[in-house]
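Undergrad: Build me a model:
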Amino acid sequence: MDSKKKIILIVDDTSENIDVLSGILSSEYTIKAAMNGERALKIAASEGKPDLILLDIMMPEMDGYEVCRRLKASEESKDIPVIFVTAKGETTDETLGFEVGAVDYITKPISPPIVSARVKNIITLQESQNEVKEALDKTLTGSIELMADVLAQANPLAFGRSRNLKRHVSATAKRLGHQNSWTFEIAAMLSQLGCITVPEEILEKIYNGEAVSEDEQKLFDNHPLVAKRLLEKIPKLEKAAEIISLQNIVLDELDNETESDSQIHLGASLLQIALHMDDIDRKRHASAHTSTDKVITAQEDVADTDTGTSSQGDQEQELPLSELRTGMMLSAQVITANGSVLIKAGTEITQPILERLYGFHNARRLKQDACYKVAISS
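TA: This is a model prediction of the structure:
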């Protein structure tokens, strides 16, 4: 158990009952109390919320069952375990208690050893579940980073676009007042993952609006489904996979859509808006610049849109490989020794991009001067 005391919220309309439970538990836990349901809900949703709630059932105005229902319906309090402490000891009462979300049931008159043991067991179980959740979250984060790194190494052009899309989606969701945009941003970040199956020269033509063959277009059109198949079996990425699969589909109004369908529909709409904005950026840049060595990236423009600043303050410098840092922009393309383009102008330098440059540099496979042209924000 953590060295910091866990917080127990006792909810009962009788102060004597609160005093009894507090007397049993106060030596091991920090105690908070509420004498009605409304007060309990406020405490459960506040900063420093309880780790466990002991909840009486028979209370005026709002009984314990309703309090528990509301606790479980709220994002702030749904994960707080609830133990009912009540004189209602019939089997039907216990069944209803579990149905509304309680994890345990203690009947009155209470036994101090039983109360202590039940509370300790639930707290220990909750800690174990939190540890598992934290481990799963770290695994998920690592998986996302790994897939992004694979895309950056295999297809820097698609990776660069995915980063632009993420910024557009994040900015649009923020303007719409949508607070929980994690799934939308991950979908945008991984939306081009399927492009690992598409040659970069085909991608460049499609991204720039140039004509491609029917077979090339079919290969590109299949990339959302490739990404979906890669992602849909990963826990917590199922919705992101569905959003990605819809990025090129015309979205009609859904009849009787569920909450889950609505979130996927919104995410797909945000991604389609981001794709459209990125296409506009690319066309604007193509018409404004005649040399690929002076390309201003869509990513810089997204940052300008979000912050209200101008990219005119960016400075172009020539730096040796040893001084390149993540976050800089390559303002000239990097050419291999056989004359092919390794990295496009306008690509943001990320750790995988740096590793790729070092690999080709050490193998003497670059047709590159000692310095690289980069754009650095002033």
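Undergrad: Need the outlier residue of the protein, farthest from its centre.
TA: residue 109 (46.5 Å; C-alpha atoms, centre = their mean).
Undergrad: Going along the chain, name the helices of the stretch 51-200 of the chain.
TA: Secondary structure of the stretch 51-200 of the chain (DSSP state H, counting those that start in this stretch): helices at 64-73, 91-99, 112-154, 156-175, 182-189, 200-207.
Undergrad: helices or strands next to the fourth one in the packing?
TA: Helices and strands touching helix 156-175, by 3 or more C-beta pairs under 8 Å, 6 or more residues apart in numbering; DSSP states H and E, are helix 112-154, helix 182-189, helix 200-207, helix 259-288, helix 298-307, helix 351-362. For the C-beta atoms, the positions are set from N, CA and C on the backbone; glycine is no exception.
Undergrad: so can I have JSON lines of the ones you listed showing distance to residue 164 and mean pLDDT?
TA: Shown next, in JSON lines, are the helices and strands packed on helix 156-175 (distance: least, C-beta to C-beta, whole Å; pLDDT from 0 to 100):
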{"stretch": "helix 112-154", "distance to residue 164": "13", "mean pLDDT": "86"}
{"stretch": "helix 182-189", "distance to residue 164": "9", "mean pLDDT": "92"}
{"stretch": "helix 200-207", "distance to residue 164": "11", "mean pLDDT": "85"}
{"stretch": "helix 259-288", "distance to residue 164": "5", "mean pLDDT": "81"}
{"stretch": "helix 298-307", "distance to residue 164": "5", "mean pLDDT": "40"}
{"stretch": "helix 351-362", "distance to residue 164": "15", "mean pLDDT": "80"}
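Undergrad: who wins for proximity to residue 92 among these?
TA: Residue 92 lies closest to helix 112-154 among those, at 20.9 Å (C-beta to C-beta).
Undergrad: and the closest one, how far from the chain's centre?
TA: How far helix 112-154 lies from its chain's middle: 16 Å, per C-alpha atoms, centre = their mean, to the nearest Å.
Undergrad: thinking again about what came up before, Throw the helices and strands packed on helix 156-175 into JSON lines and include mean neighbour count, thanks.
TA: Formatted as JSON lines, these follow (neighbours: other C-beta atoms under 10 Å):
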{"stretch": "helix 112-154", "mean neighbour count": "14"}
{"stretch": "helix 182-189", "mean neighbour count": "23"}
{"stretch": "helix 200-207", "mean neighbour count": "17"}
{"stretch": "helix 259-288", "mean neighbour count": "17"}
{"stretch": "helix 298-307", "mean neighbour count": "18"}
{"stretch": "helix 351-362", "mean neighbour count": "15"}
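Undergrad: Rebuild the ones you listed as a markdown table, extending it with distance to residue 238.
TA: Formatted as a markdown table, the helices and strands packed on helix 156-175 follow (distance: least, C-beta to C-beta, whole Å):
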| stretch | distance to residue 238 |
| --- | --- |
| helix 112-154 | 12 |
| helix 182-189 | 10 |
| helix 200-207 | 27 |
| helix 259-288 | 9 |
| helix 298-307 | 27 |
| helix 351-362 | 26 |
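Undergrad: check contacts around the residue nearest the centre of the chain.
TA: Nearest residue to the geometric centre of the chain (C-alpha atoms, centre = their mean): residue 182, 2.9 Å. Under the criterion of C-beta atoms under 8 Å, 6 or more residues apart in numbering, residue 182 has no neighbours.
Undergrad: pretty sure residue 335 is in a strand, no?
TA: Yes - Residue 335: assigned to a strand according to DSSP: H, G, I helix; E, B strand; the rest coil.
Undergrad: Pretty sure residue 345 is one of the things it touches, is it not?
TA: No - between residue 335 and residue 345 there is no contact under C-beta atoms under 8 Å: 10.8 Å.
Undergrad: Of the two, which one has the most company?
TA: residue 345 (21 against 14; other C-beta atoms under 10 Å).
Undergrad: Now do that one against residue 4, distance only.
TA: The gap separating residue 345 from residue 4 is 52 Å, by C-beta to C-beta, to the nearest Å.
Undergrad: same thing with residue 228?
TA: Taking C-beta to C-beta, one finds residue 228 at 43 Å from residue 4.
Undergrad: Between these two, which has more neighbouring residues?
TA: Shown here are residue 228 and residue 4; by other C-beta under 10 Å, residue 228 has more neighbours (22 against 7).
Undergrad: Nearest residue to that one in space, please, no chain neighbours.
TA: Nearest residue to residue 228, sequence neighbours excluded (C-beta to C-beta, 6 or more residues apart in numbering): residue 245, at 4.1 Å.
Undergrad: Surely that neighbour touches residue 229?
TA: No - at 9.1 Å, residue 245 and residue 229 do not qualify as touching, with contact defined as C-beta under 8 Å.
Undergrad: out of the two, which sits in the busier spot?
TA: Between residue 245 and residue 229, counting by other C-beta under 10 Å, residue 245 is the more crowded of the two (22 against 12).
Undergrad: List the contacts of the more buried one.
TA: 224-225, 227-228.
Undergrad: could you redo the last one with a cut-off of 10 Å?
TA: 187, 191, 194, 224-229, 231-232, 264, 268 (C-beta atoms under 10 Å, 6 or more residues apart in numbering).
Undergrad: Check these and tell me the two furthest apart.
TA: 226 and 264 (18.5 Å).
Undergrad: Give me the neighbour count for residue 26.
TA: 13.
Undergrad: same thing with the one 10 residues further on?
TA: Neighbours of residue 36 under the rule other C-beta under 10 Å: 15.
Undergrad: According to the record, where do the domains of the protein fall?
TA: 7-131, 155-288, 291-378 (automatic domain parsing).
Undergrad: Lowest average pLDDT across these?
TA: Mean pLDDT across the domains of the chain is lowest at domain 291-378; the value there is a mean of 67.
Undergrad: Residue 273 - nearest residue in space that isn't next to it in sequence?
TA: Per C-beta to C-beta, 6+ apart, closest to residue 273 is residue 172, 5.9 Å.
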